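# got a sequence here, can you model it:
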Amino acid sequence: MLPRLWPAVHSLGWIVLTLAAAEAIMAGVAYGGDDGEGSSFAIGAAISLLAGGAAVMTTKGRAFELSFRDAVILTVAAWVVVPVFASVPFLLKPDDLSLVDAFFEMVSAVTTTGATVMTGLDDRPPSLLLWRSTVQWLGGFGIIGLALIILPFLKIGGMQLFRMEFTDRGDKALPRVRQIARALGQIYLGLTAACFVVYLLLGMTPFDALNHAMTTVCTGGMSTHDLSFGYFENEALHWAAVVFMIAGAIPFMAYLRFVGRGTFRERIEPQIPVLIGILGGVAALMAIYLLASGEFTNVGEAVTRATFNVASIVTTTGYSSADYMAWGEFAILVFFLITFVGGSSGSTSGGIKIMRFQIVWATIVQQIHRLVHPHAVTPIRFGGRTVGDDQVLSVAVFVVAFLGLVAIGALLLSLTGLDFLSAASGAAQAVANVGPGLGSIIGPAGSYASLSDIQKLVLCALMVLGRLEILSVLVLFSSRFYR
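Sure, this is the predicted structure:
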């Protein structure tokens, strides 16, 4: 039985109207700066206004509440529809991107992937660059809401554990979620403002500081320069970016937990030490390798370059400060492997995520212990809570689905003629929402501009599937979901 779609259509209409308002504001910015993009944004705002208004008005007056099923349909639809309307300014002169390129750019932005088909960024109209950053920033907050409200109910790989600490199952659960969402929005905005001020104080122009603050905190990584963060020579800026990339990769509800009740140990999110440990360990290993191989002779420079680029990939931000493809085969292998890691569950990061690695590791330890002590009761615990068998199973299913999707994506890209390294790393970065791949084409010194339309559309599908945690899309193909 097909569901009634008008609740989702009504809500989607309001989302498109919000996008229209943002495009109208950007039109004002473009006209004020006289960069030639004012009419493009005005036309985009008008199209979004008409479409969003039509969706709202045709469903107006119906008494309904957005059910969980409606919310899932709305979420999946939003991550496809929003890029369509957000891409309109890119289709018009003077930018004049192709339909596929414009859609790819906005899918990459709204999923906070950061892959780009645009070159010559240093000479692009400022309003267009600001629009990319704004869409990416808004997509980052949308991901927080997704992690808070929808994914836990789908039992996607342990996410319900994270949500249960801050919500209840009673009648007041929804108001509670709304309060938390409001608080998380304030944290998100506060981190962005703090990042902007720090970047400004360390020498960025106000325009660069604003764009990079938005794309750092949302772990998106779109830059205003072709050299990405390598454009900035001040090492203090690189270290500031590392701090705020990690801040964006920390569960946003962990900030609420930290100011809550309990001992210091109880208030520390268990994913954070593991995230920092992995990041620090890999960065140290990479710095030692760079010094030993002679790539760098200055210890400080080696540590800075290694830490920044490792942090960027682990947190799935996707900035680059150097072409690490030139660092040798060992570096290429390391960067490919850490593409899968990701930040913490409940953050704006992509990837498999730290919580799942923790649960997988705990399961391995449990099974080894059972081999030695077959009758021992050894429950898996996370953050003071016991992890049930169904939650362990959901983690295993997600990891298999994640790796399977990467493999399928790599095969499809290979069938279209892409070389093995580009196909494998391109599929991995798209599903993990990282941004730069490996190889001479889509590596940190390249772009996705030269890929065919088919290859770009495959990557778009992988980015959306990865961003929505795969199963929240696949559930739409289950007949039971609609009963």
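# what segments of this protein are strands?
Taking DSSP state E as the test, the strands found in the chain are 380-382, 385-387.
# dump those into TSV; add mean neighbour count and mean pLDDT as well.
C-beta here means a position set from N, CA and C on the backbone, and glycine is covered the same way. Shown next, in TSV, are the strands of the chain (neighbours: other CB atoms under 10 Å; pLDDT from 0 to 100):
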stretch	mean neighbour count	mean pLDDT
strand 380-382	15	81
strand 385-387	15	79
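# any idea how far the nearest residue to Trp327 once chain neighbours are set aside is from Asp323?
Among residues not flanking Trp327 along the chain, Glu295 sits closest, at 5.6 Å (CB to CB, 6 or more residues apart in numbering). Per CB to CB, to the nearest Å, Glu295 is found 11 Å from Asp323.
# circling back to that earlier point, for the strands of the chain, give me JSON lines that also has distance to Ala71.
As requested, the strands of the chain are exported to JSON lines (distance: least, CB to CB, whole Å):
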{"stretch": "strand 380-382", "distance to Ala71": "26"}
{"stretch": "strand 385-387", "distance to Ala71": "25"}
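# circling back to that earlier point, next up, the contacts around the residue nearest to Trp327.
Ala302, Trp327, Gly328 (CB atoms under 8 Å, 6 or more residues apart in numbering).
# now a ChimeraX select for only the buried ones of these.
To isolate the buried subset of those in ChimeraX, counting by 16 or more other CB atoms under 10 Å, use the following:
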select :302,327
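# out of the contacts of Glu295, which one sits closest to Val475?
The closest of the contacts of Glu295 to Val475 turns out to be Trp327 (CB to CB; 41.1 Å).
# isn't the closest one up against Leu290?
Yes: counting by CB atoms under 8 Å, Trp327 touches Leu290, with 6.6 Å between them.
# what's the weakest-modelled helix or strand in this protein?
helix 159-164 (a mean of 44; mean pLDDT, DSSP states H and E).
# nearest residue to Leu210 other than its sequence neighbours?
Phe196 (5.8 Å).
# how about Ile332?
Counting by CB to CB, 6+ apart, the residue nearest Ile332 is Leu438, at 5.9 Å.
# likewise Ala362?
Looking at Ala362 with CB to CB, 6+ apart, the closest residue is Ile380, at 4.6 Å.
# please name the bridge partners of that neighbour.
Beta-bridge partners recorded for Ile380 (DSSP bridges): Val387.
# ok, now how distant is it from Ile368?
Distance from Ile380 to Ile368, by CB to CB: 13 Å.
# might you list the low-confidence residue ranges for the stretch 201-350 of the chain?
260-264 (pLDDT under 70).
# repeat that with 80
Residue ranges of the stretch 201-350 of the chain with pLDDT under 80: 257-267.
# all helices of it, in order?
206-217, 235-249, 252-258, 264-267, 271-292, 299-314, 329-338 (DSSP state H, counting those that start in this stretch).
# neighbours of Gly409, how many?
Gly409 has 25 neighbours, counted by other CB atoms under 10 Å.
# got a pLDDT number for it?
At Gly409, the model reports a pLDDT of 97.
# return the distance of it relative to Phe402.
11 Å.
# what do the two both touch?
Val431.
# most centrally placed residue in this structure?
Thr112 (4.0 Å; CA atoms, centre = their mean).
# grab the nearest non-local neighbour of that one.
The nearest residue in space to Thr112 (CB to CB, 6+ apart) is Gly220, at 3.9 Å.
# surely the one you found meets Gln136?
Yes: at 3.9 Å, Gly220 counts as touching Gln136 under the criterion of CB under 8 Å.
# between the two, which contacts overlap?
Ala109, Thr112, Gly114, Met214.
# run a quick neighbour tally on Thr59.
18.
# identify the residues contacting it.
Trp6, Pro7, Val9, His10, Gly13.
# in space, what's closest to the second one - neighbours in sequence excluded?
In this structure, Pro7 finds its nearest non-sequential neighbour in Asp70, 4.4 Å apart by CB to CB, 6+ apart.
# buried residues in stretch 369-382?
So stretch 369-382, judged by 16+ other CB under 10 Å, has buried residues Ile380, Phe382.
# which residues does that stretch contact?
Gly158, Leu161, Pro270, Met355, Gln358, Ile359, Ala362, Thr363, Gln366, Thr386, Val387, Val392.
# stretch 321-330 too?
228-230, 238, 289-290, 293, 295, 305, 308-309, 312, 331-332, 335, 438-440, 443-445.
# please list only the buried members of these.
Using 16+ other CB under 10 Å, the buried members of the contacts of stretch 321-330 are 228-230, 238, 289-290, 295, 305, 308-309, 312, 331-332, 335, 438-439, 443-445.
# for burial, what's the neighbour tally of Val197?
12.
# which residues touch it?
Contacts of Val197 by CB under 8 Å, 6+ apart: none found.
# could you check the pLDDT of it?
98.
# so how far is Gly140 from it?
19 Å.
# next: Val80.
Taking CB to CB, one finds Val80 at 18 Å from Gly140.
# give me the nearest residue to Ala78, chain neighbours excluded.
Closest to Ala78 by CB to CB, 6+ apart is Ile15, at 5.7 Å.
# could you do Trp137 as well?
Using CB to CB, 6+ apart, the closest residue to Trp137 is Met214 (3.9 Å).
# neighbours of the one you found, how many?
23.
# does it touch Gly139 like I think?
No: counting by CB under 8 Å, Met214 stays clear of Gly139, with 10.4 Å between them.
# overlap of the contact sets of those two?
Gly220.
# and Gly190, how many neighbours?
Gly190, neighbours per other CB under 10 Å, totals 12.
# so who does it touch?
Gly190 neighbours (CB under 8 Å, 6+ apart): none.
# gap between it and Val197?
Taking CB to CB, one finds Gly190 at 11 Å from Val197.
# one more: Phe420?
44 Å.
# picking that back up, from Glu233, how far off is the residue nearest to Ile332?
From Leu438 over to Glu233 (counting by CB to CB), the distance is 25 Å.
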